[in-house]
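> Here you go, sequence then predicted model.
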Amino acid sequence: MKQGSTIEEKKIRILGAASRVFARKGFAGTRIAEVAVEAGIGKGTVYEYFDSKEVLFFDVFQWFFERNNSSLKVGINALRGTAADRLMVMNDSIITAWMDEMDSFALVMEFWSASSSSTLRKRFKLAFKAAYDAIRELVAALIREGIDTGEFRADSNPDSIAASLVGTWDALLLQKWFGSVEDPLAYSRDFLAVIIRGLSKTGEITQ
């Protein structure tokens, strides 16, 4: 058990180091030797876990999004309050987390680029779809809960609203990264408040 745990810990250590190097230098500019230095291990050790830079890059993608989505899901499930309250907390959690790690957004840009041009294009597209499906489903589930409890209007479309909200988060964070939006948290809260008013039977929100 201890040996297996050590192996997994070392793999995660390599993934974390690779994510930082890819974010700084991009996929094309990164060498496995640089990842090894960042992780404090030998170059050969990296190849014991990952056959190539392409495989490492894709595994970083999966680790990066699975970690973020898992943390978000646990946090949302632990929340109490109305569906509207939990939607607003979810919004704040996502935007704040990304703003705290804006340097990591360069890594996301590398992932987007790989989904359209790399040799792993098909795998990246499928993985991106799964990641977006997961986050949209978290949002849609909260909206469906609000409909079921009578908090939200029965004619609301959870899937279309979830897609719109996730798209808004993407757009605001991208603009923040480019420097054209100063406060994506305030903008996202304003946008979500409008959405909640439209969903709500009373037209009011509690936050």
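Looks like it arrived, so ask away.
> Okay, now the unreliable bits of this structure?
Where the chain drops to pLDDT under 70, the residues are 1-5, 69-78, 118, 203-207.
> now the helices: where do they sit in it?
2-29, 32-39, 43-49, 53-77, 83-100, 105-117, 121-148, 158-178, 184-199 (DSSP state H).
> dump the residue contacts of the spatially closest residue to residue 123 that is not a sequence neighbour.
Nearest-residue entry for residue 123: residue 58, 6.0 Å, with adjacent residues in sequence omitted and distances by CB to CB, 6 or more residues apart in numbering. (Glycine included, C-beta is placed from N, CA and C.) Applying CB atoms under 8 Å, 6 or more residues apart in numbering, we find residue 58 in contact with 114, 120, 123, 124, 127.
> do the same with residue 164
Residues residue 195 are the ones in contact with residue 164 under the rule CB under 8 Å, 6+ apart.
> cool, and residue 172?
Contacts of residue 172 (CB under 8 Å, 6+ apart): 95, 181, 184, 187, 188.
> How about residue 119?
Residue 119 touches residue 54, counting by CB under 8 Å, 6+ apart.
> at 10 Å instead, please
52, 54 (CB atoms under 10 Å, 6 or more residues apart in numbering).
> Begin at 320, not 1, for the rest of this chat.
Let's use 320 as the start, then, which means that last one is residue 438.
> In the contacts of residue 491, find the pair that's most separated.
414 and 500 (10.9 Å; CB to CB).
> domains of the chain?
Domains of the chain are assigned by automatic domain parsing as 320-369, 372-518.
> from the chain's centre, how far out does the first one sit?
The one in question is domain 320-369. Relative to its chain's centre, domain 320-369 lies at 21 Å (CA atoms, centre = their mean, to the nearest Å).
> ditto for stretch 489-502
15 Å.
> CA atoms only: put that stretch into PDB for me.
Extracted in PDB, the C-alpha atoms of stretch 489-502 (Å, rounded to 0.1, in the frame of the first residue of the first chain):
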ATOM      1  CA  ASP A 489     -15.200  31.300 -19.800                       C
ATOM      2  CA  ALA A 490     -15.600  34.600 -21.500                       C
ATOM      3  CA  LEU A 491     -15.000  36.800 -18.400                       C
ATOM      4  CA  LEU A 492     -12.000  34.800 -17.300                       C
ATOM      5  CA  LEU A 493     -10.500  35.000 -20.800                       C
ATOM      6  CA  GLN A 494     -11.000  38.800 -20.800                       C
ATOM      7  CA  LYS A 495      -9.400  39.000 -17.400                       C
ATOM      8  CA  TRP A 496      -6.400  37.100 -18.600                       C
ATOM      9  CA  PHE A 497      -6.100  39.500 -21.600                       C
ATOM     10  CA  GLY A 498      -6.500  42.400 -19.200                       C
ATOM     11  CA  SER A 499      -9.600  43.900 -20.700                       C
ATOM     12  CA  VAL A 500     -11.900  43.100 -17.700                       C
ATOM     13  CA  GLU A 501     -10.900  44.300 -14.300                       C
ATOM     14  CA  ASP A 502     -13.400  42.600 -12.000                       C
END
